[in-house]
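Peer 1: Would you be able to build a 3D model of this:
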Amino acid sequence: MPIFLLLGVDYNAQNDGFEESRKYLINNIAHTMPHTPSKIDSIKAKKLTSGPLLARNSIWNLVGQIAPMAVGIVAIPRLIHALGTDRFGVLTIAWMVVGYFSFFDLGLGRAMTNLVAQKLAAEKDHELPAVIWTANLLMAVLGLLGGVVLAFLSPVLVHHLLKTPPALQRETTRAFYLLSLSVPFVISTAGFRGILEARQKFRIINSVRIPMGIATFAAPLVVLPWSKELTAVIGILVVARAVFWLTYIYLATRDMPQILRTVEIDRSLLPMLFSFGAWMTVSNIVSPVMEYLDRVLVGMLLSLTAVAYYATPYEVVTKLLILPGAIVAVLFPAFSTALVADHAHAGKLFRRTVKYVTLTLLPLTLLMVLFARNGLDIWLGPAFASHSTRVLQWLAIGVFANGIAALPFALIQGAGRADLTGKLHLLELPFYVATVWVLTTNFGIEGTAIAWAVRVIVDAILLFWVAGRFADIFLRYRSIFAATAVIGTAFALAMIRMSLPIKLLVAVLMLISLSAVTWFMLAADERALLQGLRGRLLPPRIQAKATRA
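Peer 2: Below you'll find the model as predicted:
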């Protein structure tokens, strides 16, 4: 089975569309380098973008996301039982508020990571202290501002926006005041973590992220034997945030000690940081709006019961995006480095990651579409399955496209063009609102799922086109159309109602076909790696039989 977009992606050094981006990078980063601008002979850059390093870091990120989720599954029922539903509801809102107030960094953390990675690629380490301290000072100021804003809004949130029971209003207000103290730590942490991200130190990052994620659920459990007050529960979370903030500062300065020797603020960096960061903020604001809009409109236009039928499969299928999310977090600084040091290598890196993510997500989403009704029937019962099967199928198709779209998104932002992704999101928003409204009104929650799938598919197409235009990746449109048609046919086949034995037969045939295509798509070194892995994993007797065969 041809791979969506993979067959249509090729590197083309003659693409004039990259010149605007590359000249921007050269003028701002590498104008004093003695080497040719298109390729910097940097051992450091090669190490920071090597395949084995990126693979290990992606695995670390995956573990860093899954481990806290596993703890949360165990801890949340105990928290609900101990705190009660009202207090636990306040705790969940506190978790959400801290996440949203992280937007107060105005994208400066991401901008700093991008710029530090580019400086490392250009071997201009002497300029790093100015970049790091300028960005972190701005983030510290914004963090303090965010904390003050949250403290000021706390009474309004508790007494007017949230339906807080009267008996809990005073306690909740005090808890939100405490919560506001964590905002500066949250925002400043992103800055020091960004230093480690630019240096591809994801093992170190996740050695902090994992206990920090676990503490989000476990720390409240620690104080429950002494107090069930929200001030105690949220207070321990604030203390934990402060401890992890200090830990990131220590690890970042230990990894890059020169930033302690030179503390420098460079005002000339402000336009570059704010330009990149501002467009990052646009994406950070618009993306959550589009993420939650479908469920809000289902509640407005249909019913809360319909929200349950829609949101449940949504929460399940979108968990597949953890995989591309873990990879993209590693690729963003890698692309930032590679596009300066050797953009031919950036193209190769992009093609390979598209291939790997595609070959991983495609069988998972196809099987989810094929067995949607059976899975929902076993898990939630026939009544729920009758309402949510089509929803799950359409959402799975969208998740496939959305997972692959994360890769050109990272490439474009790694090229310093966060403005392009921000503009795309602004362009998509009104069309998405109209599409969700019309399809939900006429076709119910299946229409909502179709609208979401169409939006992310269009988003993927636009992102690949923009990546080809501005990041030197040539798209062969005939191959794209052919691959899309074949994969679309496979998804359409998987959506046909059929008996379980027929589904099992179709699943086997699909997996065999995909395995054959996967082997064909792999390069010689990738095949050799798989054969070597098989040699280490299979018993000698089975290896001998395979060799004789």
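Peer 1: Residue 280 is in contact with residue 425, correct?
Peer 2: No. Counting by CB atoms under 8 Å, residue 425 does not reach residue 280; the two are 10.8 Å apart. C-beta: built from backbone N, CA, C; applies to glycine.
Peer 1: residue boundaries of the helices in the stretch 151-300 of the chain?
Peer 2: 166-180, 182-198, 202-223, 230-255, 258-261, 270-301 (DSSP state H, counting those that start in this stretch).
Peer 1: Low-confidence regions, the stretch 301-450 of the chain specifically.
Peer 2: 304, 340-343 (pLDDT under 70).
Peer 1: thinking again about what came up before, what about residue 425 and residue 280, which has more around it?
Peer 2: The residue with more neighbours, out of residue 425 and residue 280, is residue 280; 24 against 20, by other CB atoms under 10 Å.
Peer 1: I'd like to know how far that one sits from residue 114.
Peer 2: 9 Å (CB to CB, to the nearest Å).
Peer 1: Mutual contacts of these two, please.
Peer 2: Both residue 280 and residue 114 are contacted by residue 413, under the criterion CB atoms under 8 Å, 6 or more residues apart in numbering.
Peer 1: domain ranges for the protein?
Peer 2: Structural domains assigned to the chain are 1-39+286-497, 49-265, 498-548, following automatic domain parsing.
Peer 1: could you dump the ones you listed to CSV with distance to residue 274?
Peer 2: Output for those, formatted as CSV (distance: least, CB to CB, whole Å):
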stretch, distance to residue 274
domain 1-39+286-497, 11
domain 49-265, 7
domain 498-548, 41
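Peer 1: do you know which of those lies nearest residue 275?
Peer 2: Evaluated with CB to CB, the domains of the chain place domain 1-39+286-497 nearest to residue 275, the distance being 7.4 Å.
Peer 1: residue ranges with poor pLDDT in the stretch 1-150 of the chain?
Peer 2: 1-51.
Peer 1: other SSEs contacting whichever strand or helix holds residue 413?
Peer 2: Take DSSP states H and E as the rule and residue 413 turns out to sit in helix 382-414. For helix 382-414, the packing partners by 3 or more CB pairs under 8 Å, 6 or more residues apart in numbering; DSSP states H and E come out as helix 108-121, helix 304-317, helix 322-341, helix 343-370, helix 372-380, helix 418-470, helix 477-495.
Peer 1: As a markdown table, these with distance to residue 243 would be great.
Peer 2: Shown next, in a markdown table, are the helices and strands packed on helix 382-414 (distance: least, CB to CB, whole Å):
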| stretch | distance to residue 243 |
| --- | --- |
| helix 108-121 | 19 |
| helix 304-317 | 31 |
| helix 322-341 | 23 |
| helix 343-370 | 35 |
| helix 372-380 | 39 |
| helix 418-470 | 31 |
| helix 477-495 | 47 |
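Peer 1: Residue 286: which of the ones you listed is closest?
Peer 2: Residue 286 lies closest, by CB to CB, to one member of the helices and strands packed on helix 382-414: helix 418-470, at 4.1 Å.
Peer 1: now that closest one and helix 108-121, what's the angle there?
Peer 2: 40 degrees (axes from the mean of the first three to the mean of the last three CA atoms, to 10 degrees).
Peer 1: and the angle for helix 418-470 with helix 382-414?
Peer 2: 80 degrees.
Peer 1: chain center to helix 418-470: distance?
Peer 2: Between the centre of helix 418-470 and the centre of its chain there are 17 Å (CA atoms, centre = their mean, to the nearest Å).
Peer 1: Point out the other helices and strands that that helix packs with.
Peer 2: helix 18-28, helix 270-301, helix 304-317, helix 382-414, strand 473-475.
Peer 1: Check the ones you listed for me and report the most buried one.
Peer 2: helix 382-414 (a mean of 24; mean count of other CB atoms under 10 Å).
Peer 1: what's the spacing between it and its chain's center?
Peer 2: Its chain's C-alpha centre and that of helix 382-414 lie 13 Å apart, by CA atoms, centre = their mean.
Peer 1: Can I get stretch 400-408 in CSV? Just the C-alpha atoms.
Peer 2: The C-alpha trace of stretch 400-408 is given here as CSV (Å, rounded to 0.1, in the frame of the first residue of the first chain):
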residue,chain,number,x,y,z
PHE,A,400,-3.6,9.6,10.7
ALA,A,401,-3.4,12.9,8.7
ASN,A,402,-2.9,15.0,11.8
GLY,A,403,0.0,12.8,13.1
ILE,A,404,1.9,13.2,9.8
ALA,A,405,1.1,16.9,9.6
ALA,A,406,3.1,17.4,12.8
LEU,A,407,6.3,16.8,10.8
PRO,A,408,6.1,19.6,8.2
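Peer 1: which residues touch that stretch?
Peer 2: So stretch 400-408 is contacted by 4-5, 320-321, 323-325, 327-328, 331, 350, 353-354, 357-358, 361-362, 365, 453, 456-457, 459-460, 463-464, 466-467, 471, 473 (CB under 8 Å, 6+ apart).
Peer 1: Need the buried ones from these selected in PyMOL.
Peer 2: Applying 16 or more other CB atoms under 10 Å to the contacts of stretch 400-408, the buried members can be selected in PyMOL as follows:
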select buried, resi 4+5+320+323+324+327+328+331+350+353+354+357+358+361+362+365+453+456+457+459+460+463+464+466+467+471+473
